[in-house]
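> take this sequence and fold it.
(2 chains)
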Amino acid sequence: MSTVSAEIEQARVQTPAVERATLRRLLRLRWGVLAAVVLLLIVASAVFAPWIAPHDPLAVNIRHRLAPPAWIEGGALANVLGTDQVGRDLLSRMIYGGRVSLVVGITAVLMAASIGVLLGLTAGYFGRNTDWVIMTLVNVMLTFPFVLLALAVIAVLGPSLKNMILVLGVAGWPIYARVVRAETLALREREFVLAGRALGMSHLRLMFLQIAPNLTSVIVVIATLQVAQVIIAESFLSFLGLGIQPPTPAWGNMLGEGRVYMLNSWWIATFPGLAIFVTTLVINLMGNALRDWLDPHLKL
Amino acid sequence: MRRYLVRQLIQLVVVVLGISLLAFGILHVLGDPVLLLLPQNAGKDEFERYRHLLGLDRPLYVQYWKFVSRAVIGDFGKSWYADTPAFKLVLERMPPTIYLTFSGLAVALLIALPLGTLAALKRHSWVDSLCTMLAVAGQAAPLFWLGIMMIIIFAVRLRALPASGYGTWQHFLMPAFCLGAALAPITMRLVRSGVIEIMNMEFIKTARAKGLGEPMVVVKHALRNACIPVITVIGLQFGQLLGGAVITETVFAWPGVATLTVESIRNQDFPVVQCAVILLALLIVSVNLVIDLIVGLIDPRIHTA
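A predicted model of the protein is given here:
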């Protein structure tokens, strides 16, 4: 026993710098795994909301309105995180609110990724004028503050879940297009693509079956990180009253409603915001870990 | 350098045209201005009359041309709500937005430069880890929530600062810090990686070999070179910074362009929305150009290559 531990001790002393770097990477991966577990819990609570939530998120109870969290004087265990301005249970609303954020986050990102990958592949593969047109479009979109674009479109289309997903999906593609284009430019000169071309493969086959599979890890990393950004954007729109409409609970509109009562009832605005914060934090941590794991050289 | 400038200017024109197309298209292609202007129970002939009056029965390209040729001389039409030219309304609200944006930028740099440098010099130490943790947390915190938390703590609880409004330097503190905190994480990471890269370069060894003190080496030789990627990214991030200013303004009721835009959207006042969107985009594009030129002046290698 003692010799083994002595050997370990010795090995630890002699660990070269390179191995320490690997160790750091593993450590960061562990953070990523921890983040993934927390995210899984959040997703599960959103999916199984009807079974988990202690109360009906829409049940109004005027006599218990603005009740503080349980640990503060005047709070009750029945409403652990307190109640809002019409006496709805804050915890239950938060659990249900996760549904909106996650659905919007995932669908909008899928949409953005599909558009962006398609345009990026086309720009990088064909080059020349196609490239110029698509990249100019990318530059226009990237110049424009995302928030303003979303605001303007929602103003015309009217606020609804569908419109919000549409706006966030359409506004989010340029980053994929830019990264995918740059990678495609490099890949299309590689031997395996040249070989494919020599074998007479069609453009479509070269683009989607030869080049695209090499881009999977980049796309997965960007998409993961973007889910967090979309959740924040969705919350902001709902916060302004331009997203999910009350009484449907969403973290953003809860925060917006809570803002009116922040003078006396800080919890209404605080907890939904905390939910957004924790969700985006774990998604970012997971995204960073994924990047380290799949593609350590990726600079994002 | 001149060829580079010309190319940048052409790109600027294309981007501005693209944005005007976007601003025009959002209203005229996605929506129907007459539907938004008239009450729902208006008769069909009423709609037609208005459509003709506003020139909306003409082909889209004719309308777009009219829109652009007027916009160039600052004529975005009258506000549908306030009966004043939209351009004037937006221009009046521009200074607060610009002040907020730049004070936010200043706060971000005040946080990011020292922390990023420290993290780079003490790489893999607890300082570095702490900075990374702060950056990760900072990137995840929604700006509008951060703002509200600050209002609850500093205005409601401590009564130390005004919760919202505009005027004195106290009004600047929370919005500027809020916006700065949002931009600081990415800037800090860039400063860190920039300084790390440069500290390994030959000229740093030379400076040390000459017998210069470490503070001198860091400040005069390393930081100056690390500034280039930071300035470039600030240029690229300027749009996001302005987007952050939009969010900050709505939280703190800051009387800038963003609050005006949100109000106008609520009132369906589209001339004002279009004008605000185009002017903000113009601001972003010109800041990008200026930053490009500054980078060229600091490091001539970039544009001559």
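> hmm, A:Leu240 is touching B:Thr250, no?
Yes. Using C-beta atoms under 8 Å, A:Leu240 is in contact with B:Thr250, at 6.3 Å. For every residue, glycine as well, the C-beta is placed using N, CA and C.
> and the helix or strand harbouring B:Val230, which residues are buried?
Per DSSP states H and E: B:Val230 is located in helix B:224-252. Using 16 or more other C-beta atoms under 10 Å in any protein chain shown as the test for burial, helix B:224-252 gives B:225-235, B:237-252.
> now, which of those residues lie close to chain A?
Near chain A, taking C-beta under 8 Å from any C-beta of the partner chain as the test, the members of these found are B:239-240, B:242-243, B:246-247, B:250.
> would you turn those into JSON lines with pLDDT?
Formatted as JSON lines, these follow (pLDDT from 0 to 100):
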{"residue": "B:Gly239", "pLDDT": "77"}
{"residue": "B:Gln240", "pLDDT": "78"}
{"residue": "B:Leu242", "pLDDT": "83"}
{"residue": "B:Gly243", "pLDDT": "82"}
{"residue": "B:Val246", "pLDDT": "84"}
{"residue": "B:Ile247", "pLDDT": "86"}
{"residue": "B:Thr250", "pLDDT": "86"}
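> and those, which two are the farthest apart?
B:Gly239 and B:Thr250 (17.4 Å; C-beta to C-beta).
> mean confidence for the lengthiest helix in chain A?
The longest helix of chain A (DSSP state H) is helix A:90-126. Across helix A:90-126, the average pLDDT comes to 92.
> mind listing what's buried in the helix or strand just after it?
Using DSSP H and E, the helix or strand that follows helix A:90-126 in sequence is helix A:128-143. Residues of helix A:128-143 classed as buried: A:131, A:134-135, A:137-143 (neighbour count, 16+ other C-beta under 10 Å).
> and those near chain B, which?
Under the cut-off given by C-beta under 8 Å from any C-beta, chain B has A:137, A:139-140, A:142-143 from the buried residues of helix A:128-143 close to it.
> farthest pair in those residues?
A:Leu137 and A:Thr143 (10.9 Å).
> mind listing what the residue in the stretch 201-305 of chain B positioned nearest to chain A touches?
Nearest residue of the stretch 201-305 of chain B to chain A, counting by C-beta to the nearest C-beta: B:Gly243, 3.3 Å away. The contact partners of B:Gly243, taken as C-beta atoms under 8 Å, 6 or more residues apart in numbering or on different chains, are A:145-148.
> pull out the buried positions in stretch A:78-94.
Buried residues in stretch A:78-94, counted by 16+ other C-beta under 10 Å: A:79, A:81-84, A:87-94.
> what's the most distant pair in the residues you listed?
It's A:Gly87 and A:Met94 that sit farthest apart of those, by C-beta to C-beta, at 15.4 Å.
> which residues are in contact with each of A:Leu240 and B:Thr250?
By C-beta under 8 Å, 6+ apart, the residues touching both A:Leu240 and B:Thr250 are B:Val262.
> can you give me the helices for the stretch 201-305 of chain B?
All helices of the stretch 201-305 of chain B, identified by DSSP state H, counting those that start in this stretch, fall at B:202-209, B:214-216, B:224-252, B:257-266, B:270-298, B:301-304.
> quick one: low-confidence ranges for chain A?
By pLDDT under 70, the low-scoring segments of chain A are A:1-28, A:295-300.
> where do the helices of it begin and end?
All helices of chain A, identified by DSSP H, fall at A:2-14, A:17-47, A:49-52, A:90-126, A:128-143, A:146-157, A:161-171, A:174-187, A:191-198, A:203-205, A:216-239, A:251-260, A:267-294.
> those: which one's closest to B:Ser286?
Nearest of these (C-beta to C-beta): helix A:128-143, 10.7 Å.
> and for the closest one, what are the contacting residues?
A:119-120, A:122-124, A:149, A:171, A:173-174, A:177-178, A:181, B:11, B:14-15, B:18-19, B:22, B:236, B:239, B:281, B:284-285, B:288.
> and the buried ones among those residues, selectable in ChimeraX?
Those of those that count as buried under 16+ other C-beta under 10 Å are selected in ChimeraX with:
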select /A:119,120,122,123,124,149,171,173,174,177,178,181 /B:15,18,19,22,239,281,284,285,288
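> residue contacts, the residue most central in space within chain A?
By C-alpha atoms, centre = their mean, the mean C-alpha position of chain A lies nearest to A:Val227, the distance being 1.8 Å. Applying C-beta under 8 Å, 6+ apart to A:Val227 gives the contacts A:105-106, A:109, A:283.
> turn the residues you listed into CSV, including neighbour count.
Shown next, in CSV, are the contacts of A:Val227 (neighbours: other C-beta atoms under 10 Å in any protein chain shown):
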residue, neighbour count
A:Gly105, 24
A:Ile106, 16
A:Val109, 25
A:Ile283, 25
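> measure B:Lys210 to B:Leu190 for me?
Distance of B:Lys210 to B:Leu190, computed by C-beta to C-beta, to the nearest Å: 28 Å.
> out of the helices of chain A, which gets nearest to B:Thr117?
Each of the helices of chain A has some distance to B:Thr117 by C-beta to C-beta; the shortest is helix A:17-47, at 21.0 Å.
> if I look at the residue nearest to B:Ala222 when sequence neighbours are not counted, how far off is B:Thr117?
In space, and not counting its chain neighbours, B:Ala222 is closest to B:Ile198: 4.9 Å by C-beta to C-beta, 6 or more residues apart in numbering or on different chains. Look at B:Ile198 and B:Thr117: by C-beta to C-beta, they are 11 Å apart.
> common neighbours of these two, please.
Common contacts of B:Ile198 and B:Thr117, defined by C-beta under 8 Å, 6+ apart, comprise B:222, B:226.
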